[in-house]
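J.: Just the structure for this:
(3 chains)
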Amino acid sequence: MAGQKVGEAIRAVLDVIGLGLKYTLRPERLTIYYPYEVPDYMGRVRGWIGLWTERCTSCMICARICPTNAIKMYMEKNGRRYPGIDYGRCIMCHYCIDACPTYALYPTDMRDLAFYRHEDMMYTPDMMRRPPQVPKLVPQVVKVVHEYSGGRVVKVRLGEPGEHKPLPPAPSVPVVES
Amino acid sequence: MEIPSWLLSPRLWDFLFDGVVSTLILLTIVWAERKIAARVQMRVGPLHVSPRLGGYFQLIADAVRFVMQEVIITVDSYRVLFVALPPLFVALALMPSFMVPLSPYLALLSRPSLHYGIIMALAVLFYLFIIVVGMGWAVNNRFAYIGAAREALIITAYEIPLLDAFASMFLTYRTIDPIEIVAKQTYIVGALYNPLAFIVYIIGVAMATSRFPFEIADYEGDVATGPYSDFSSIFLALTYAGGIYIALFSYSLLGALVFLGGWAPIAPGPWPADLWGNLAAAAWVMIKTFILMLFFVFLRSVMPVARLDHTLSFSWRWVLTIAVAATAVSAAEYFLL
Amino acid sequence: MGLKMEQYGLVLSEVESGPGGKRTLELLFGPQHPTSGHIRFFVELDGDIIVDIRPDPGFVHRTMEKLGETRHFMMNIPLFERLSLPDAINVTWAYSMAVERMLGYDVSERAEYLRTLFGEMSRISVHLYDLALHAIMIGSSTGFMYGFGLRDLLVNLWAIATGARTTPTWVLPGGVRRAPPKAFYERLAGFLDFLDRKMDEFYRLVVKNPVGYYRLKDVGYLGKSDAAAYLATGPGARGSGVDWDARRDMPYGVYKQLEWEVRVHDEGDSLARTLVRIEEVREAARIIRQLLKAMPMDGPLVGHNATHKIPPKEREMLNELVRMSGYYVTTTNLAEGTGVTEGGRGRYFFQVFGAGTERLFRVRISTPSWQNLRAFMKATIGARLMDLPAIYGSFGFFPPEADR
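T.: Numbering: from 1, shown residues only, chains lettered A, B, ... in the order given. Prediction:
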């Protein structure tokens, strides 16, 4: 492309100003007003990791495959060691869940975790039985998703996010979302 | 109850009106800049502080934060200028708005000196660049030095065309008195008399107040806000975050009087008999000023930043040509109208 | 480069060559600077012209090559993903290809299609990231928000498909980890329409706009022979007329079966490189649309060799989810493997040497930003100071990837 000619340059400037005016008068916004709205990930996001100690055989594969060495094994009263995850180091890659041969570690889709002290982030095996109870920041939360139609995008409200699923009895095969 | 005469003085009312409304406009224009940019950019802008007002009080929160922040004066800087120049910047930026009338009877100056109001305002506004260069020198780091050098170069780009634009309008109206200039515009405003001069005015003011696409001296990407780089808290509020908009306000006030018709078509009676008429005229001028400022801050969301040598060559090649053409048009109108 | 306080004046180096001597101003375009990224440049300025530029890399050196030797080779995937997170799929694809060649693994057909689809999405993601940073370096914050807003929609798609927004950790040697749900494909088609419209507006706002146009035109010229001699890669090379693309010249994935073009521009300035990027986004959208029609919806996610190691009760899930158990017990053999992919910024090269244990003996990484550094320096000399951000963004220089 050679340098722009004068007419082309003036037209481009007017085009840009027109574009700006068009969006000033009728904006299309993508913002998700967290925490009043949360994005909908269909429950498929890799989140907090929990443990059913009755299925754990202390093989320590989870600790060995963790890329960040976030899993420490804690000696329990019955003489066996169970894993505890340091959520300061965990990157939630779910390698430990995928490597566990007895499906003792289970996934959730909870990623909104915050702690006041560093010591609170180190979870011991007994703390990992139930997902942490996250207090509600605002009284009403709505799940939203961006939907596309004809080249435009709108934000659609999908209703309240459900409670995180109550703990099922330890299954024989893991539940896979689809 | 007897109202004392000094309370009804037109100078006092002009001063108060100008001071109060310029502060309100400053708050609103910064809010408007962020909101307009957000609308173009698919996002929301300030919202959370006062959701029902669209986040307007965010600016008050920002102002409080600026005032409460720790004042840091760097060790290497030249302290006297570091501390003295920001307030001087704001003072010189606001002064021109007091030199022009807001209605035929509301003015701070009286007749013989009011005659030269616009020229005095322009002269004061053209001194602002020296203060910016001084600030860059006082900050004493390399990026500020480069920014100050750029500011000193940019003044050569916009000073002559801007003066030429105003001179063309003076030719068209055959007078330099601001009150007579406004009296000559009823519905055909200055921008319609001489659109070339209006275009030169807009480009010149954008260069003078570092509006995009000409935010070159205090360009964040390159010289890390140049001359304003080591200022913090109240100094920053006086210069980069506030003072520049006050300069824009003064320029826009001049533009509203000369190019957009001032307080026409409102023709108030003498003061203090027609109190509301005069105040309405002043408010009308301020509304036109605000609309002009809105266009300048709108440019932030659609334009990148031009390069220094492109700006200089563009100004000397194209803007000066258009300014000379505007003067030719005005000369024709002088003889024909 | 220790600076003493007495030297902290404005002129730091006086060169006696040239008539009357020359005085240059040395500027530390450091890591603490809005547009320098995580790298320091020592820029020598003569007035407004840059006469010399010396980079000071290493601020983000995370010893990734050494770390790759101290851990199980599967634990390297999240590690190498963080070389360049916007382009996560292409980086881990190169590493997985290297490990596959070392182990002798094959890849299933469905995994190849999925990898290609996500690789093109990754290319769109990194081009949006680079174009957005380039736009804000030129001064247009609107371009920045457009790029990142579009990228936000794209990472939401990655979240439902792979499990995380920006760190997919999705490519395994032999295949991929999870299959995307049906909603993913519908949303992806809608996203591509929106992307086309917004990229056109981005082009009008930043590149065709005469302010941005003249900011990029004839800036940072890199000739064709220079680009080839300095081993520039990616849009840095294709913007100078060097017609090389690893997807076509060292084929991998299913690129051979699709209809697409390599975008090359001959001018060699920043405008050419930026146009190469914008057109590559359109080409990627075109490739994804073809893939959406041809994608096999069923089939194993890993190849046969990897399937042998997976315990039988998990083989039923292979159409949906691949667990780590088979890979945990795999050890590396005493072989080497190389993998080359074309990421958004250029070509990624991984060479792995097995050690016989589950660790690798050596991982050698070559990233496009490190390759482009010499070409970037060559293009900058002779430009003005305000061109430095424009050239920086047009090369897509990314210090975390350069420093590894």
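J.: which ones are touching B:Ile322?
T.: By CB atoms under 8 Å, 6 or more residues apart in numbering or on different chains, B:Ile322 lies in contact with B:161, B:196, B:199-200. Every C-beta, even on glycine, is put in place using the N, C-alpha and C of the backbone.
J.: how does it look with 7 Å?
T.: B:196, B:199-200 (CB atoms under 7 Å, 6 or more residues apart in numbering or on different chains).
J.: residue ranges with poor pLDDT in the stretch 151-300 of chain B?
T.: The model of the stretch 151-300 of chain B has pLDDT under 70 over residues B:220-221.
J.: what does it put close to chain A?
T.: For the stretch 151-300 of chain B, the residues in contact with chain A (CB under 7 Å from any CB of the partner chain) are B:Phe298.
J.: Check the burial of the residue in the stretch 151-300 of chain B that chain A sits nearest to by counting its neighbours.
T.: Going by CB to the nearest CB, chain A is nearest to B:Phe298 of the stretch 151-300 of chain B, at 6.3 Å. Neighbours of B:Phe298 under the rule other CB atoms under 10 Å in any protein chain shown: 21.
J.: swap in the one 3 residues further on?
T.: When counting by other CB under 10 Å, one arrives at 25 neighbours for B:Ser301.
J.: do the same with C:Leu103
T.: 20.
J.: Does it touch C:Thr331 like I think?
T.: No. At 9.3 Å, C:Leu103 and C:Thr331 do not qualify as touching, with contact defined as CB atoms under 7 Å.
J.: Tell me which entries of the contacts of B:Ile322 lie within helices.
T.: If you go by DSSP state H, the contacts of B:Ile322 have B:196, B:199-200 in helices.
J.: Any chance you could note which residues of the stretch 251-400 of chain C sit beside chain B?
T.: Residues of the stretch 251-400 of chain C lying near chain B (CB under 7 Å from any CB): C:384-386, C:389.
J.: Work out which residue lies at the spatial centre of chain A.
T.: Closest residue to the average C-alpha location of chain A: A:Arg111 at 4.0 Å, with CA atoms, centre = their mean.
J.: so it sits in a strand?
T.: No. Per DSSP: H, G, I helix; E, B strand; the rest coil, A:Arg111 lies outside any strand segment and is coil.
J.: can you pull the pLDDT of the closest residue to it other than its chain neighbours?
T.: With CB to CB, 6 or more residues apart in numbering or on different chains as the criterion, A:Arg111 has its nearest non-adjacent residue at 4.6 Å, and that residue is A:Gly47. Looking at A:Gly47, its pLDDT reads 87.
J.: Count the residues that sit near A:Gly47.
T.: 21.
J.: Please tell me how far it sits from A:Thr108.
T.: Here A:Gly47 is placed at a distance of 5 Å from A:Thr108 (CB to CB, to the nearest Å).
J.: what do you get for B:Val67?
T.: B:Val67 is 46 Å from A:Thr108, by CB to CB.
J.: Looking at these two, which is more packed in?
T.: A:Thr108 (17 against 11).
J.: need the contact list for the residue nearest to B:Tyr219 when sequence neighbours are not counted.
T.: Leaving aside its chain neighbours, B:Tyr219 sits nearest to B:Val305 (5.9 Å; criterion: CB to CB, 6+ apart). By CB under 7 Å, 6+ apart, B:Val305 lies in contact with B:212-213, B:215-216, B:219, C:138-139.
J.: Is there a quick PyMOL command that grabs whichever of the contacts of B:Ile322 are buried?
T.: Only the buried entries of the contacts of B:Ile322 go into this PyMOL selection, using 16 or more other CB atoms under 10 Å in any protein chain shown:
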select buried, chain B and resi 196+199+200
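J.: Adding distance to C:Gln32, write the contacts of B:Ile322 out as TSV.
T.: Converted to TSV, these look like this (distance: CB to CB, whole Å):
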residue	distance to C:Gln32
B:Leu196	45
B:Ile199	40
B:Val200	40
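J.: Could you verify my assumption that C:Arg263 touches C:Glu280?
T.: Yes. The pair C:Arg263 / C:Glu280 is scored as a contact, 5.5 Å apart, by CB under 7 Å.
J.: gap between the residue lying closest to B:Ala280 once chain neighbours are set aside and chain C?
T.: Distances taken as CB to CB, 6+ apart place B:Ile266 nearest to B:Ala280, at 5.7 Å, with adjacent residues excluded. B:Ile266 sits at a distance of 38 Å from chain C (criterion: CB to the nearest CB, to the nearest Å).
J.: Can you pull out the residues in contact with stretch B:65-84?
T.: By CB under 7 Å, 6+ apart, stretch B:65-84 touches B:134, B:138-140, B:230, B:232-234, B:236-237, B:241, C:8.
J.: Repeat that for stretch A:133-140.
T.: Contacts of stretch A:133-140 (CB under 7 Å, 6+ apart): A:35-36, A:112.
J.: Give the other helices and strands that the helix or strand that B:Ile202 is a member of contacts.
T.: According to DSSP states H and E, B:Ile202 maps onto helix B:195-208. Under the contact definition 3 or more CB pairs under 7 Å, 6 or more residues apart in numbering or on different chains; DSSP states H and E, helix B:195-208 sits against helix B:142-173, helix B:243-258, helix B:320-336.
J.: at 8 Å instead, please
T.: Counting contacts by 3 or more CB pairs under 8 Å, 6 or more residues apart in numbering or on different chains; DSSP states H and E, helix B:195-208 packs against helix B:142-173, helix B:190-193, helix B:243-258, helix B:275-298, helix B:320-336.
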